[in-house]
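> fold the following.
(2 chains, ligands or ions: 5)
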Amino acid sequence: MPKGITYFDHEKCKGCGLCVEYCPQNILYQDKKTLNESGYNIVSVSEPDKCIGCAFCAMMCPDSVIKVEVIK
Amino acid sequence: MAETTVKYEKTKGLTDKPLSYCPGCTHGIVHKLVGEALVDLDILDKAIGVASVGCSVFSYEFFNCDAQQAPHGRACAEATGIKRVLPDNIVFTYQGDGDLASIGIAETIHAANRGENITVIFVNNAIYGMTGGQMAPTSLKGQKTTTSQDGRDTDWTGNPIKISEMLATIEGVAYIERVSVHDPKHYLKAKKAIKKAFQYQKEKKGFTLIEVVSTCPVNWGMKPVDAMKWLSKEMIPVFPLGVYKDKGDNHES
Ligand SMILES: Cc1ncc(C[n+]2csc(CCOP(=O)(O)OP(=O)(O)O)c2C)c(N)n1
Ligand code: SF4
Ligand code: SF4
Ligand code: SF4
Ligand SMILES: [Mg+2]
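Ligands and ions are numbered 1, 2, ... in the order given. Modelled structure (predicted):
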């Protein structure tokens, strides 16, 4: 059971990789096969069950792509 | 289904317009901090921003409040006029290091010296980002830019100018802190500082300035993650973080 859930507004992503770098659980990755309309590789979650809901990814995203919910 | 609470989402302090910044540029992070601070303090409807000239020239499109756009370097002068006419509004400038520390240094020092009750958000990325990466007065010793291709020669061009330290000596200044946004811990610290600056303005304490040590991945020629590392390793020793001036809490309220 994950402690957090992430939602990505993929169209706003610029593929900068900051969220990937700062996730302490190392569960984010840049999906090299999927581009958004602007041509950037979007970010996906490899193991959603491991998310701890810390929101580090969301804080460090300059483009407000990520929303994080915590499961009570 | 388990119950959930929102831990983080896009702040209502910013509009839905996509930011014009390059991928991984910390301007976006600083915009979020300003928006979040205005929302948390419930002053978004009273806030008036003054955009400057630099990559953040369109910041008036991104802050979800009233805003103007000042000529290069003149943001503090423009904010002075706005605040004097509308003293009950919360007035802030958003300026880069080229804008504030180069062409606008006179306006900045005099606004501070007059103790203007405004808040300055000073984004120091040690370079002129918008115009293609020229040396700024804040560029580090040895830093390679398009106008210092062998690295900044401090014998010829002086040393990186320390705005927070300089302005802290001025009587009219209520609060100055230098913060950074290179990891989540510093993000939260920076948010606290920006909120405190706006709070002091609400309490009419005087001039407040938050210097945010920032990146320009494109003109530094680095990936965004490497730029964050360079900021932390190279910039912070030259621009130490911390509170440079604090007039203290207002006990009247
Ligand atoms: C009067 C005038 N002089 C020079 C310029 C060219 N110019 C535009 S932005 C800029 C500096 C921007 O650097 P900074 O304030 O550090 O902002 P950044 O883009 O790095 O965020 C300069 C010199 C101008 N637009 N107007
Ligand atoms: S909330 Fe924390 S654990 Fe979950 S994806 Fe984001 S950074 Fe990783
Ligand atoms: S930090 Fe934001 S813009 Fe950058 S890759 Fe992650 S989701 Fe995309
Ligand atoms: S040029 Fe530099 S400061 Fe300007 S938006 Fe791009 S990365 Fe940011
Ligand atoms: Mg700059």
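
> which residues does the one helix or strand residue B:192 maps to contact?
Secondary structure assignment for residue B:192, by DSSP states H and E: helix B:184-202. Counting contacts by CB atoms under 8 Å, 6 or more residues apart in numbering or on different chains, the residues outside helix B:184-202 that touch it are A:22, A:54-56, A:59-60, B:29-30, B:33-34, B:36-38, B:40-41, B:43, B:90-92, B:117-119, B:121, B:174-175, B:177, B:179-181, B:206, B:208-210, B:212, B:241, B:247. Where you see a C-beta, it was placed from the backbone N, CA and C, and this is true even at glycine.

> try it again at 7 Å.
A:22, A:56, A:59-60, B:29, B:33-34, B:36-38, B:40-41, B:43, B:90, B:117-119, B:174-175, B:177, B:179-181, B:208, B:210, B:212 (CB atoms under 7 Å, 6 or more residues apart in numbering or on different chains).

> now these: which count as buried?
The neighbour-count test (16 or more other CB atoms under 10 Å in any protein chain shown) marks A:22, A:56, A:59-60, B:29, B:33-34, B:36-38, B:41, B:43, B:90, B:117-119, B:174-175, B:177, B:179-181, B:208, B:210, B:212 as buried among the contacts of helix B:184-202.

> so which of those belong to helices?
Secondary-structure check on those using DSSP state H: residues within helices are A:22, A:56, A:59-60, B:29, B:33-34, B:36-38.

> for those, which one is nearest ligand 2?
Sorting those by how near they are to ligand 2, with CB to the nearest ligand atom, puts residue A:56 at the top with 4.0 Å.

> contacts only, for that closest one.
When contacts are counted by CB under 7 Å, 6+ apart, residue A:56 is found next to A:22-24, B:184.

> just the buried members of the residues you listed?
Buried residues within those, defined by neighbour count using 16+ other CB under 10 Å: A:22-23, B:184.

> can you confirm residue A:63 is in a strand?
No - assignment of residue A:63 by DSSP: H, G, I helix; E, B strand; the rest coil gives coil, placing it outside any strand.

> now it. Nearest residue, chain neighbours left out?
Once its chain neighbours are removed from consideration, residue A:63 has its nearest residue in residue A:12; the separation is 5.0 Å (CB to CB, 6 or more residues apart in numbering or on different chains).

> that neighbour reaches residue A:65, doesn't it?
Yes - using CB atoms under 7 Å, residue A:12 is in contact with residue A:65, at 4.9 Å.

> looking at these two, which is more packed in?
Counted by other CB atoms under 10 Å in any protein chain shown, residue A:12 and residue A:65 do not tie: residue A:65 has more neighbours, with 23 against 19.

> measure the more buried one to residue A:7 for me?
Relative to residue A:7, residue A:65 is positioned 9 Å away (criterion: CB to CB, to the nearest Å).

> check residue B:169 too.
The span separating residue B:169 from residue A:7 equals 47 Å under the rule CB to CB.

> these two: who's more crowded?
When residue B:169 is set against residue A:7 and neighbours are counted by other CB under 10 Å, the residue ahead is residue A:7, at 13 against 10.

> out of the ones in helices among the buried ones among the contacts of helix B:184-202, who's near ligand 2?
Restricting those to those touching ligand 2 (CB under 6 Å from any ligand atom) yields residue A:56.

> could the ones in helices among the buried ones among the contacts of helix B:184-202 be laid out in TSV, adding pLDDT?
Written out in TSV, the entries for these read as follows (pLDDT from 0 to 100):
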residue	pLDDT
A:22	98
A:56	98
A:59	98
A:60	99
B:29	99
B:33	98
B:34	99
B:36	98
B:37	98
B:38	98
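
> so residue B:247 touches residue B:172, yeah?
No - the criterion here is CB under 7 Å, and residue B:247 misses it with residue B:172 at 9.9 Å.

> so for the two, which residues contact both of them?
Residues touching both residue B:247 and residue B:172 (CB under 7 Å, 6+ apart) are residue B:206.
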